[in-house]
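>>> Need coordinates for the following:
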Amino acid sequence: MSLKDYQKQIDDIVQKYEKPYWHPLSQLARLSEEVGEVARILNHQYGDKPKKPTEVHAELADELADVMYTVLCLANSQHIELDKALEISIAKLEGRDKDRFAKKSPTT
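Got it, this is the predicted structure:
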């Protein structure tokens, strides 16, 4: 499915509520919380902060999906089509950073 499809699916679901989308600053706070959960998992796996024995195991994939869901909600509330925006962003990065990083040697 495209991002547009996911955006529509989410919009169809939330339009059933009196207030389909939270205020943008509330959505930003939610996004920050979700990104914090991703950071916590990565810090437990690769950082210096061990997980407490009482902490529930969280899956990185689930938390990344929560981040994406929140981003899609924010985009919907602001009438942003993310497929197009992402294409522009990737094109910009390909142009700007094409010679920035070392490339793999071609194999023959």
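>>> Give me the most central residue, this protein.
For the chain, the residue nearest the mean C-alpha position is Met68 (3.4 Å; Cα atoms, centre = their mean).
>>> Phi, psi for that one please.
Backbone dihedrals for Met68, given as degrees, to the nearest 10, come out at phi -60, psi -40.
>>> ranges for the helices of the protein?
Ranges of helices within the chain are 3-14, 24-46, 60-77, 82-96, based on DSSP state H.
>>> and the angle from the first one to helix 82-96?
Our comparison of helix 3-14 with helix 82-96, counting by axes from the mean of the first three to the mean of the last three Cα atoms, to 10 degrees, yields an angle of 140 degrees.
>>> List of residues touching the one helix or strand in the chain whose mean pLDDT sits lowest?
Averaged element by element with mean pLDDT, DSSP states H and E, the chain has its least confident helix or strand at helix 82-96 (a mean of 93). Outside helix 82-96, the residues that touch it by Cβ atoms under 8 Å, 6 or more residues apart in numbering are Ser2, Leu3, Lys4, Gln7, Val71, Leu72, Ala75. To be clear about C-beta, it is placed using only N, CA and C from the backbone, and glycine gets the same treatment.
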